[in-house]
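Enquirer: following is a predicted model, sequence given first.
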Number of protein chains: 2
Amino acid sequence: MNAQGIRIALAQVNPTVGAIDSNAALIEGQIARARDEGADLVVFPELCLPGYPAEDLYLKRHFLRANADALARLAAGVSGITALVGFAEPRVASADVQAADAPAPRRAHNALALLRDGRVEHVYRKQRLPNYAVFDEQRYFEPGSEPSVVEIAGVRIGLTVCEDVWEPGPPASVEAQAGADLIVCPSASPYFRGKRGDREAMFVRRAREYGTAFAFCNMVGGQDELVFDGASFVVDASGEVRGRARQFHEDLLLVDLDGERARVESPLPDLDEVYAALVTGLRDYAEKNGFERVLVAVSGGIDSALVALVAADALGGGRVTGVVMPSPHSSVETQDDARSIVRNLGAELVEIPIAEAMEAYDSALTGALPDGVPGVTAENLQARIRGNLVMALSNAHGWLVLTTGNKSEMSVGYATLYGDMAGGFAAIKDVPKTLVYELTRHRNAAAPAPLIPPTVIERPPSAELRPDQRDEDSLPPYEVLDAILAAYVEGDRSREEIVAAGADPDVVDEVVRLVDRSEYKRRQAPPGIRITAKAFGRDRRLPITNRFGG
Amino acid sequence: MNAQGIRIALAQVNPTVGAIDSNAALIEGQIARARDEGADLVVFPELCLPGYPAEDLYLKRHFLRANADALARLAAGVSGITALVGFAEPRVASADVQAADAPAPRRAHNALALLRDGRVEHVYRKQRLPNYAVFDEQRYFEPGSEPSVVEIAGVRIGLTVCEDVWEPGPPASVEAQAGADLIVCPSASPYFRGKRGDREAMFVRRAREYGTAFAFCNMVGGQDELVFDGASFVVDASGEVRGRARQFHEDLLLVDLDGERARVESPLPDLDEVYAALVTGLRDYAEKNGFERVLVAVSGGIDSALVALVAADALGGGRVTGVVMPSPHSSVETQDDARSIVRNLGAELVEIPIAEAMEAYDSALTGALPDGVPGVTAENLQARIRGNLVMALSNAHGWLVLTTGNKSEMSVGYATLYGDMAGGFAAIKDVPKTLVYELTRHRNAAAPAPLIPPTVIERPPSAELRPDQRDEDSLPPYEVLDAILAAYVEGDRSREEIVAAGADPDVVDEVVRLVDRSEYKRRQAPPGIRITAKAFGRDRRLPITNRFGG
């Protein structure tokens, strides 16, 4: 038998960080299903058993012990199939007593257990540990050093984990030289826009370079700011994709390299993919944290409209409450649009006017601010009154508040801390404003009738915190702003480079200044879904105290 | 001449992250001063020129270029002395185009430049890069591999940087074997309680092991959550401390290993040391971020009393505003105490009653919460009204709001997000409640007359958000709570281990549950000063979505 004779199952599952027992049950169920489907080998994602990224849980001895115990129990039940399960392998106990600030011991390997015939037959340890972007694996894991080629159903199979394959060289090159017919690569490879295609193309290159088939089994689902997009696949030694699983959904992909059996799912078009990432991230944050219902302050503007749309698609409109909070500065038209959005989505509508609370603050501040409340302070107060009201509903009912700021606003600090930034999850915080428009139009077009009234999309953006306010009074047009932000935030370009590429120097200076001085606000923002190659959060770590301009 | 013949200057300075030009000016001034004092060698802290930790600034090419250019200018001015200056050495340019998610290139070395006779004569590159606790150096730097022994004033001197020495072995052992008479170790070693003594003891061990003198030059000052405590020193080959600089202050320590000239500062007693760390951290956060004045909501409770004390000691009472915000639940006694504290510190007093705003919210919420506002929701509203009022003053005047939560509260979530947690800097967020008492008593005792009225210290702790409320209605006594938190949060002990050590199982379960479920709150908390071996923030990174209990 050669590589073509094996039936592989890629179990693209959605584990939950820390839920070791239920992850084990999920794995057990998929092992049984794969065996029923006649698979010789079933592959699970990287660190599937403890969840990924479990961050400093990987430093806790009792967490490592719990996942090792669960692995042993899983192994005992395996027969008639071989399973490859990602887990955090505890290292041999190191001394407990340490000098203050001496290097902390890394107590685990990022490992892959081969389960067969009721036992853990072999363990492969990941060798290349990413420590950039959102990844901190050198904080947690000790790298392995041994390549592994194992025999399953008579086929020679090389073992790797995620990053191991992203650069040419060992361990994959060594395993290929040692005669591996297939290299499996269980992964936890998080989504950003455009990554699926790049990733698959990279594996196609490796397959051709080494003359070896590759099986990539990815995690799926949301974990705090990350979304794993699935899209697992098998490429043969010629670089042809022989099977591809769904994106953003659990799947069990069965592939016979030599046979008819191969399902190749078509990739989602770009905007559908981004939208699916948002829906998945929001759904999993709500579900995995046990929220029955989410709450959105719907203003009649496009940002809150998109958040409400995503929430309704993620959880069903019946689990969404839209809160409309008119002030004396709110126009009748935007308020009517806000109510239409809530109704169109089948969500609950709650109305709370804020004029009386605004007056109470003005009155309370008379002594402390005898010259009156300055303009921006008054605007922030309005936003904070609304923040308090949605938080009161959240506290009273246990609902999750979704904030509505987009990436353009979060970049330049065009948002009120403790006001519109108050909430548990910031669904579109990594979505630039120009993409907010694209996504809303796209989702609207896919519905039988527009869910978002066209006036919401056409009206010039305004925070409506003072009469006739427009975003463009304070900010450059969003097309200009987003282009500069892409270069400065995502591209780490200097002020000079951005100007040299054609942007207006004064505008660049102002944007850079706003981005830099808003770091303290972003640090207090709720988590939100990463959809770009550089999101705020673990991905971009800048000091607050920072005198470097640009 | 042997090692005893050299005069060393340790320039324990306080640079600012990103302020490359002013850091260069600071270094230049200290070089001149050291030369005037007859020093042969002046040593500066690790990464002194760009600042530390500059986090993702170290990934920006233009930042690296700016610091390299500044180093070249500095070098040109050096004559009559040798200077060792920490900088981020740009690596030879690597390719700019990368596959998505391929390993990001680390573009710099954490390096030490030897400046002599108008040029950069030699560069040493740090070999051991800490990537645990608050450290992420493997994200930024490529390790060096070459030990360095250089000759200065006829003496053989080994070069290391901070972590290089914290474990036995290369590069220090190799440099000692190569005949180094003295090993210098420029560092940026952040403070936590008790670390100074452990650190010095470690260097004493190394000196005896290798039979070589060591010179440790530490950074001083605050940077966001970290405080560098200085306390630089020289130990001779027998392990005797021959010179020691001040803690928490800039200093230029001159040491002739063979001569009379050696100043050995006495270490601060424990509580003075912790208090000095808080004062330094608060002062530098305010000064380096350009705040003229800070604002504290003074409740008459002990936490806000300590924060106001630290603020007055850091900036002078004339730069502090105390805001007293009585509600119908505030007792006359606590309000009087609050006013006394503000007056005793020479701070400005502002009073803003909140009853009217409370009524406005009750009225606004009548429709949405027809059964009335539930108890905890009403308590949170009061805290948030106060949060909005201090933020209104902050917005109107550009003042920094100091929050008043202690570590015990931050651990179990006994604080209101956007309420008492609203502000720019959380001075005592790493100070357990029991230590809040100790520090306040200690500072009171050092004053000619008590600055904090004894009733503030003696009254049972209460948030005063409902009639007759006591913290102990909701939480275990603080002595019990703090002991469990020390084991669970700082010690990473399991629930079982804590119970086995004698704690009440039900209490442990409740505390663990509260700590785990409050992660989302801590993620939105302002930064504050690290004084323990494990603070919240970069030091303890846990997922919000986390089903692992304990």
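Expert: Sure, I can see it.
Enquirer: wait, A:Ser411 sits on A:Val489?
Expert: Yes: using C-beta atoms under 8 Å, A:Ser411 is in contact with A:Val489, at 5.8 Å. (Glycine included, C-beta is placed from N, CA and C.)
Enquirer: of these two, which one has the most company?
Expert: Legend: neighbour count by other C-beta atoms under 10 Å in any protein chain shown for A:Ser411 and A:Val489, higher for A:Ser411 (27 against 22).
Enquirer: how far off centre is the helix or strand encompassing the more buried one?
Expert: In the assignment (DSSP states H and E), A:Ser411 maps to helix A:407-412. Remark: helix A:407-412 is offset 18 Å from the chain centroid, using C-alpha atoms, centre = their mean, to the nearest Å.
Enquirer: what is in contact with A:Ser411 and A:Val489 at once?
Expert: A:515, A:536 (C-beta atoms under 8 Å, 6 or more residues apart in numbering or on different chains).
Enquirer: what's around the residue of the stretch 151-300 of chain A found nearest chain B, how many residues?
Expert: Relative to chain B, the nearest point of the stretch 151-300 of chain A is A:Asp198 (4.1 Å; C-beta to the nearest C-beta). A:Asp198 has 14 neighbours, counted by other C-beta under 10 Å.
Enquirer: so it is in which element?
Expert: Applying DSSP H and E, one finds A:Asp198 within helix A:195-210.
Enquirer: after that helix comes which helix or strand?
Expert: Next along from helix A:195-210, by DSSP H and E: strand A:213-218.
Enquirer: for that next one, packing partners?
Expert: strand A:7-12, strand A:182-187, helix A:195-210, strand A:233-235 (3 or more C-beta pairs under 8 Å, 6 or more residues apart in numbering or on different chains; DSSP states H and E).
Enquirer: okay if I get the ones you listed as CSV plus mean pLDDT?
Expert: As requested, the helices and strands packed on strand A:213-218 are exported to CSV (pLDDT from 0 to 100):
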stretch, mean pLDDT
strand A:7-12, 98
strand A:182-187, 98
helix A:195-210, 97
strand A:233-235, 97
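Enquirer: still on that earlier bit, which other residues reach the helix holding A:Ser411?
Expert: Taking C-beta under 8 Å, 6+ apart as the rule, helix A:407-412 contacts A:303, A:414-415, A:426, A:428-434, A:475, A:478, A:481-482, A:485, A:489, A:511, A:514-515, A:518, A:521-522, A:525, A:532, A:535-536.
Enquirer: contact residues of the stretch 151-300 of chain A facing chain B?
Expert: A:163, A:166-167, A:189, A:192, A:194-195, A:198-199, A:202, A:222-224, A:284-285, A:288-289 (C-beta under 8 Å from any C-beta of the partner chain).
Enquirer: give me the buried subset of the residues you listed.
Expert: A:163, A:166, A:189, A:192, A:195, A:199, A:202, A:222-224, A:284-285, A:288-289 (16 or more other C-beta atoms under 10 Å in any protein chain shown).
Enquirer: tell me which two of the residues you listed sit farthest apart.
Expert: Using C-beta to C-beta, those span at most 33.5 Å, a distance reached by A:Met202 and A:Asn289.
Enquirer: sorry, back to before: make CSV out of the helices and strands packed on strand A:213-218 and add distance to B:Pro326.
Expert: CSV is the format used below for the helices and strands packed on strand A:213-218 (distance: least, C-beta to C-beta, whole Å):
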stretch, distance to B:Pro326
strand A:7-12, 58
strand A:182-187, 58
helix A:195-210, 55
strand A:233-235, 65
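Enquirer: looking at the ones you listed, which is closest to A:His329?
Expert: helix A:195-210 (41.6 Å).
Enquirer: which residue is the nearest non-sequential neighbour of the residue nearest to the spatial centre of chain A?
Expert: Centroid-nearest residue in chain A: A:Leu226, 2.1 Å away (criterion: C-alpha atoms, centre = their mean). Once flanking residues are discounted, A:Leu226 sits nearest to A:Pro190: 4.3 Å by C-beta to C-beta, 6 or more residues apart in numbering or on different chains.
Enquirer: from the residues of the stretch 151-300 of chain A next to chain B, which land in strands?
Expert: Using DSSP state E, the subset of these located in strands is A:222-223.
Enquirer: how many other residues sit next to A:Arg65?
Expert: 12.
Enquirer: over to A:Val92?
Expert: As a measure of burial, A:Val92 has 5 neighbours, counting by other C-beta under 10 Å.
Enquirer: residue numbers of the stretch 1-150 of chain A in contact with chain B?
Expert: A:16-20, A:22, A:53-57, A:59-63, A:66, A:99-104, A:106, A:128, A:130-133, A:136, A:138-139.
Enquirer: quick one, which of those are buried?
Expert: For these, buried by 16+ other C-beta under 10 Å: A:16-20, A:53-57, A:59-63, A:66, A:100-101, A:103, A:106, A:128, A:130-133, A:136, A:138-139.
Enquirer: restricted to strands, list those.
Expert: Using DSSP E, none of those sit in strands.
Enquirer: can you flag which of those belong to helices?
Expert: Assigned to helices by DSSP state H, the following of these qualify: A:20, A:61-63, A:66, A:138-139.
Enquirer: follow-up on the earlier one: which elements pack onto the helix holding A:Asp198?
Expert: Checked by 3+ C-beta pairs under 8 Å, 6+ apart, helix A:195-210 has helix A:172-177, strand A:182-187, strand A:213-218, strand A:233-235 packed alongside it.
Enquirer: switch the cut-off to 10 Å
Expert: Using 3 or more C-beta pairs under 10 Å, 6 or more residues apart in numbering or on different chains; DSSP states H and E as the contact test, the elements touching helix A:195-210 are helix A:172-177, strand A:182-187, strand A:213-218, strand A:226-229, strand A:233-235, strand A:241-244, helix A:270-288.
Enquirer: mind listing what's buried along the fifth one?
Expert: So the one you mean is strand A:233-235. Under 16+ other C-beta under 10 Å, the buried positions of strand A:233-235 are A:233-235.
Enquirer: show me the domain layout of chain A.
Expert: Listed domain ranges for chain A are A:3-90+A:107-261, A:274-471+A:519-523 (source: automatic domain parsing).
Enquirer: between the ones you listed, which one is nearest to B:Pro147?
Expert: Per C-beta to C-beta, nearest to B:Pro147 of those: domain A:3-90+A:107-261, 23.1 Å.
Enquirer: what about the residue lying closest to A:Leu278 once chain neighbours are set aside, which SS state?
Expert: Nearest residue to A:Leu278, sequence neighbours excluded (C-beta to C-beta, 6+ apart): A:Val310, at 4.8 Å. Three-state call for A:Val310 (DSSP: H, G, I helix; E, B strand; the rest coil): helix.
Enquirer: in contact with A:Val310, which residues?
Expert: A:275, A:277-283, A:296, A:320, A:402, A:427-428, A:431, A:439-440, A:443, A:529 (C-beta atoms under 10 Å, 6 or more residues apart in numbering or on different chains).
Enquirer: in terms of pLDDT, where does A:Ala99 sit?
Expert: Looking at A:Ala99, its pLDDT stands at 47.
Enquirer: same check on the one 5 residues further on?
Expert: According to the per-residue confidence, A:Ala104 scores 67 in pLDDT.
Enquirer: for A:Val511, phi and psi?
Expert: Backbone torsions of A:Val511, given as degrees, to the nearest 10, read phi -70, psi -40.
Enquirer: nearest spatial neighbour of the residue of the stretch 451-550 of chain A found nearest chain B, skipping sequence neighbours?
Expert: Scanning the stretch 451-550 of chain A for the residue nearest chain B gives A:Phe548, at 3.0 Å (criterion: C-beta to the nearest C-beta). Leaving aside its chain neighbours, A:Phe548 sits nearest to B:Gly18 (3.0 Å; criterion: C-beta to C-beta, 6+ apart).
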